[in-house]
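Chemist: need coordinates for the following:
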Amino acid sequence: MAFKADAAKIKRWREERHWSQEHLAELAGIGLRTIQRIENGEKASQESVVALAAAFDVDAMALSVDSEEEARKAAERKAEEAEAGMRLNFYLHVASFLGVLAIFGFLALISGDLELLRV
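Modeler: Okay, here's the model as predicted:
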């Protein structure tokens, strides 16, 4: 059975303790490559998560990703991306409108017909 380990938390906790990956692997009794894979976000076995939890002296659930929290963050990111897209779209329309006004202004200026600029 594979767990979605919280890679960022594991790495942060390791670094806060000034432990190398090698040291954590030794404390947990698992391979260095396993630590590297977990910190890179790959799936971890239940045994690896339990071993890491023992090394950090916490419950194994403290090292697992909360699926509800992960879903909430994903929804927030998606909403932020949609809002940024709408803002970009608005600014592109404003820039297009101003460009058209500038073209009409230039044409009116060179033709001497200022009636083109009256609204």
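
Chemist: pLDDT score assigned to the nearest residue to residue 5 once chain neighbours are set aside?
Modeler: Once flanking residues are discounted, residue 5 sits nearest to residue 44: 4.2 Å by Cβ to Cβ, 6 or more residues apart in numbering. The way it works is simple: take the backbone N, C-alpha and C, and place the C-beta from them, glycine included. Looking at residue 44, its pLDDT stands at 90.

Chemist: and residue 69, how close does it get to residue 80?
Modeler: 16 Å (Cβ to Cβ, to the nearest Å).

Chemist: what helix or strand is the residue sitting nearest the centre point of the chain on?
Modeler: Taking Cα atoms, centre = their mean, the centroid of the chain lies closest to residue 77, which sits 7.3 Å from it. Following DSSP states H and E, one finds residue 77 within helix 67-111.

Chemist: now do that helix: distance to the chain's middle.
Modeler: Centroid displacement of helix 67-111 relative to its chain, using Cα atoms, centre = their mean, to the nearest Å, is 22 Å.

Chemist: mean confidence (pLDDT) on that helix, please.
Modeler: Across helix 67-111, the average pLDDT comes to 88.

Chemist: can you spell out which helices and strands pack onto it?
Modeler: Counting contacts by 3 or more Cβ pairs under 8 Å, 6 or more residues apart in numbering; DSSP states H and E, helix 67-111 packs against no other helix or strand.
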